[in-house]
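Colleague: Build me a model:
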Amino acid sequence: MATLWHSPSSPRAVDSRALRAPADVRGWLAGMTLADRRGLQGRAETQSLLGDRVLVTAVSGTWAAVVAPDQPTPKDSRGYPGWVPVRQLSAVAPRSGTQAATVVAPTAWLRGDDAAAARVVEVSFGTRLPVLGTTGGLVRVALPGGLVRRVDPAAVVRTTTTGRALPGTGASVVASARAFTGLPYLWAGRSGFGFDCSGLTSLVYRVHGVRIPRDADAQAPAGRRVASASMAPGDLLFYATSSGYVHHVSMYAGSGLMVQSPATGQSVQTIPVATPAYAVQLAGVRRYVP
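Modeller: This is a model prediction of the structure:
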């Protein structure tokens, strides 16, 4: 996983582990105080997963300006923009296969491609890599740069290279979102290591084969408008300030409940839609699945 930063000068000393190749995500998160996490606002933009394609638009020293095409945004028609260390990129595409393996567990370990199959790197929900076959009961997958790793078949779903990993239904989308209950909020987070509000909704939908914008304010005009009285599981609920700026999104879970990643210092949770602090700011509901 790579974090896309606002600029090459945005990372702080406490963020050094996030700049490694591969990033030491667990070490980075463990080393941050609550104040450090709050300080990510204005510094971090979003995250891309191992194997995600990005377009390099500029290089400055050891940093590259990129856009992430799988994360639509009005900020750039080509994809979500940000800066990443050059060492976290590879220009060598993975070996191709007729199938892809998508991680559907919150996180999973990629293991060495040998008899020991030792843990090498932990990857996120939604990571999608070409399948090369099965050996020793593990799925062999291809990584950018030409590496081959193995992964537990229980942690992935195998599909055609263009198939959706999980069903595109409201109930299934809700089940995926609720699987992250208790995971601490992370500004700009879009992985099984931590989510912001729209990082959760956009990545969950992606794994279910539905591409939606990255941020809450861009998600709000997409999809199909739904009356609040007709909400169904999987619908997204948007919250706005008095000036009309959409600043938060949650997912309707059914039975008057919603699942959300609310704010720094809190965790993914399911609460009543009628919770006063949110109900007063509800600005609209949108549907992206049948």
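Colleague: For the rest of this, base every contact and every neighbour count on C-alpha atoms.
Modeller: Fine.
Colleague: how long is stretch 240-254 end to end?
Modeller: 22 Å (CA to CA, to the nearest Å).
Colleague: tell me which residues of that stretch are tucked away?
Modeller: Applying a neighbour-count criterion of 16 or more other CA atoms under 10 Å, the buried positions in stretch 240-254 are 240, 246, 247, 248, 249, 250, 251, 252, 253, 254.
Colleague: Can you give the contact residues for the helix or strand hosting residue 251?
Modeller: Residue 251 is part of strand 246-254 when elements are defined by DSSP states H and E. Strand 246-254 has contacts (CA atoms under 8 Å, 6 or more residues apart in numbering) with 171, 174, 197-198, 201, 216-217, 220, 231-241, 258-262, 270, 273, 283.
Colleague: Listing partners with orientation, what would you give for whichever helix or strand comes after that strand?
Modeller: Using DSSP H and E, the next helix or strand after strand 246-254 towards the C-terminus is strand 257-260. Within its sheet, strand 257-260 is paired with strand 246-254 (antiparallel), strand 269-272 (antiparallel), according to DSSP bridges.
Colleague: What's the separation between the residue sitting furthest away from the middle of the chain and residue 155?
Modeller: Most distant from the centre of the chain: residue 115, at 31.6 Å, with distances by CA atoms, centre = their mean. According to CA to CA, residue 115 stands 20 Å off from residue 155.
Colleague: Disregarding residues adjacent in the polypeptide, which is nearest to residue 95?
Modeller: residue 142 (5.6 Å; CA to CA, 6 or more residues apart in numbering).
Colleague: cool, residue 156 as well?
Modeller: Distances taken as CA to CA, 6+ apart place residue 103 nearest to residue 156, at 4.3 Å, with adjacent residues excluded.
Colleague: tell me the contacts of that neighbour?
Modeller: With CA under 8 Å, 6+ apart, residue 103 has these contacts: 124, 125, 126, 127, 128, 155, 156, 157.
Colleague: On the pLDDT front, check the second one for me.
Modeller: pLDDT recorded at residue 125 is 98.
Colleague: phi, psi of it?
Modeller: phi -40, psi 130 (degrees, to the nearest 10).
Colleague: again, but for the fourth one
Modeller: Backbone torsions for residue 127, taken as degrees, to the nearest 10, come to phi -60, psi 130.
Colleague: And it, how far from residue 45?
Modeller: From residue 127 to residue 45 the distance is 19 Å (CA to CA).
Colleague: Would you mind telling me which of these two has the busier surroundings?
Modeller: residue 127 (24 against 20; other CA atoms under 10 Å).
Colleague: beta partners of the residue nearest to residue 235 when sequence neighbours are not counted?
Modeller: Spatial nearest neighbour of residue 235, excluding adjacent residues (CA to CA, 6+ apart): residue 287 at 4.7 Å. Beta-bridge pairing of residue 287 under DSSP bridges involves residue 224.
Colleague: Can you give me every residue that contacts residue 287?
Modeller: 223, 224, 225, 226, 234, 235, 236.
Colleague: Report the distance from the helix or strand hosting residue 283 to the chain centre.
Modeller: Secondary structure assigned from DSSP H and E places residue 283 in strand 282-287. Averaging C-alpha positions (CA atoms, centre = their mean, to the nearest Å) puts strand 282-287 21 Å from its chain's average.
Colleague: Break down this structure into its helices, ranges please.
Modeller: 25-30, 34-38, 170-178, 197-207, 216-219, 276-279 (DSSP state H).
Colleague: Would you mind finding the most buried of those helices?
Modeller: For the helices of the chain, the largest average neighbour count (mean count of other CA atoms under 10 Å) is found in helix 197-207, namely a mean of 26.
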